[in-house]
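Asker: Curious how this folds, go ahead:
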Amino acid sequence: MLSDEQIEHLRTQFAEKHQGSDNAHKPLILESGMKYAAVGMSNSDAQFLESRKYQIADIARLYRVPLHMLNELDKATFSNIEHQSIEFVMHTIRPWLVRIEQSIARDLLTERERQSIFVSHSVEGLLRGDTKSRYESYTQAINAGWMSPNEARKLENRNPEDGLDVFRSPLNMASTEEREEQVSNSLARVVADKEIKAIKAEIDRLSPEQFNSWFPDFYDRQKKVMQEYLPVDKKEIDNYIKARVESLSDDAINQIPMIIDNAVSDIEALL
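Answerer: Alright, predicted model coming up:
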């Protein structure tokens, strides 16, 4: 602790001997048990820390690892980190994977096995983007016809579903006749699905007698649905409905499985 007199003396000494550029580099005399403590960082210490950063860059360059993967983020941005990660997979990891694959094929497979077996590393997990980007790429692949929905589900660790193994064919890559056929088949499936769902719902709910009295009214309504969806002459639809009702009139319950199995093909025949 300094007395008031000592404090004033120290202030005066600083002002007279060390204030201004003319008094730079003059020695400071410490009195009353005061000790010098450096404030800030010396030039040599700052230079040492800067050299440490270059050491990190040298190590990253040696092993071809992006700086951000060594927690050096001075020049990193959200946009370039993603591309650097992709380049790391392409230019650092991939060459080693190719060497491993070739070594396995050379040393572990016979000449005959190499004709039917090959080794390949899957690096999709290292290239996974955000959810929006992944789903957009799946959509493009499925719509382009070279990936099935179940293959996309497998990449997302989801179980396969029935009916999702079919590859879609883009309409603009088909001929006019093929596009018309695809459209017609799609319409037939829509109408057939409505018929099948309605029948299955009522056959579980109604007794055989009630079902026999229900299906004529249903097919009368189904006729309007077919006229709305299908580009077919009304007489053909009327004949279809009449034949359907007549086929069910005697033994409706036992005829339903056949109706369900043939619904799509029967409606496609109209088109």
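
Asker: which intervals of this protein have sub-threshold pLDDT?
Answerer: Filtered on pLDDT under 70, the chain yields the residue ranges 78-79, 129-130, 169-185, 249-255, 264, 267-268, 270-271.

Asker: Quick one: the helices in it, in order.
Answerer: 4-17, 43-63, 78-88, 94-107, 131-144, 149-155, 176-205, 208-229, 234-249, 252-270 (DSSP state H).

Asker: Geometric centre of the protein: which residue is closest?
Answerer: residue 134 (2.0 Å; CA atoms, centre = their mean).

Asker: Ignoring the adjacent residues along the chain, who's closest to it?
Answerer: residue 128 (6.5 Å; CB to CB, 6 or more residues apart in numbering). Heads up, the C-betas are built off the backbone N, CA and C, glycines and all.

Asker: Residue 40 versus that neighbour, what's the distance?
Answerer: 45 Å (CB to CB, to the nearest Å).

Asker: what's the answer for residue 99, then?
Answerer: 51 Å.

Asker: just residue 234 next, same as before
Answerer: Taking CB to CB, one finds residue 234 at 94 Å from residue 40.

Asker: Neighbour count: these two, which is higher?
Answerer: residue 234 (10 against 6; other CB atoms under 10 Å).

Asker: residues in contact with that one?
Answerer: Taking CB atoms under 8 Å, 6 or more residues apart in numbering, we find residue 234 in contact with residue 227.

Asker: start at 33 instead
Answerer: Done: numbering now begins at 33, and the last item shifts to residue 266.

Asker: Check whether residue 257 really touches residue 226, as I assumed.
Answerer: Yes: counting by CB atoms under 8 Å, residue 257 touches residue 226, with 6.0 Å between them.

Asker: Which residues belonging to stretch 270-278 are considered buried?
Answerer: By neighbour count, with 16 or more other CB atoms under 10 Å as the criterion, the buried positions of stretch 270-278 are 272-273, 276-277.

Asker: Which residue, neighbours along the chain excluded, lies closest to residue 129?
Answerer: According to CB to CB, 6+ apart, the nearest residue to residue 129 is residue 153 (4.4 Å).

Asker: One more: residue 108?
Answerer: residue 100 (4.6 Å).

Asker: re earlier: output the helices of the chain as TSV; include the columns distance to residue 61.
Answerer: Formatted as TSV, the helices of the chain follow (distance: least, CB to CB, whole Å):
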stretch	distance to residue 61
helix 36-49	8
helix 75-95	25
helix 110-120	54
helix 126-139	65
helix 163-176	68
helix 181-187	76
helix 208-237	97
helix 240-261	103
helix 266-281	113
helix 284-302	104
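
Asker: Nearest to residue 200, out of those?
Answerer: Closest of these to residue 200 is helix 163-176, at 6.1 Å (criterion: CB to CB).

Asker: Run through the residues that contact residue 73.
Answerer: Taking CB under 8 Å, 6+ apart as the definition, contacts of residue 73 comprise residue 81.

Asker: And for residue 235, the neighbour number?
Answerer: For residue 235, using other CB under 10 Å, the count is 18.

Asker: my guess is it meets residue 288, correct?
Answerer: Yes: with contact defined as CB under 8 Å, residue 235 reaches residue 288; the gap is 5.9 Å.

Asker: Can you give me the neighbour number for residue 258?
Answerer: Residues near residue 258, counting by other CB under 10 Å: 24.

Asker: I'd like the distance from the closest residue to it other than its chain neighbours to residue 261, if you could.
Answerer: Excluding the flanking residues, the one nearest residue 258 by CB to CB, 6+ apart is residue 269, at 4.9 Å. Applying CB to CB, the value for residue 269 to residue 261 is 10 Å.

Asker: For these two, indicate the residue with more neighbours.
Answerer: Comparing residue 269 with residue 261 by other CB under 10 Å, the one with more neighbours is residue 269, at 19 against 15.

Asker: which residues sit in contact with the more buried one?
Answerer: 255, 258-259, 262, 302.

Asker: Report the contact partners of the residue nearest to residue 108.
Answerer: Here residue 100 is in contact with 108, 113, 116 (CB under 8 Å, 6+ apart).
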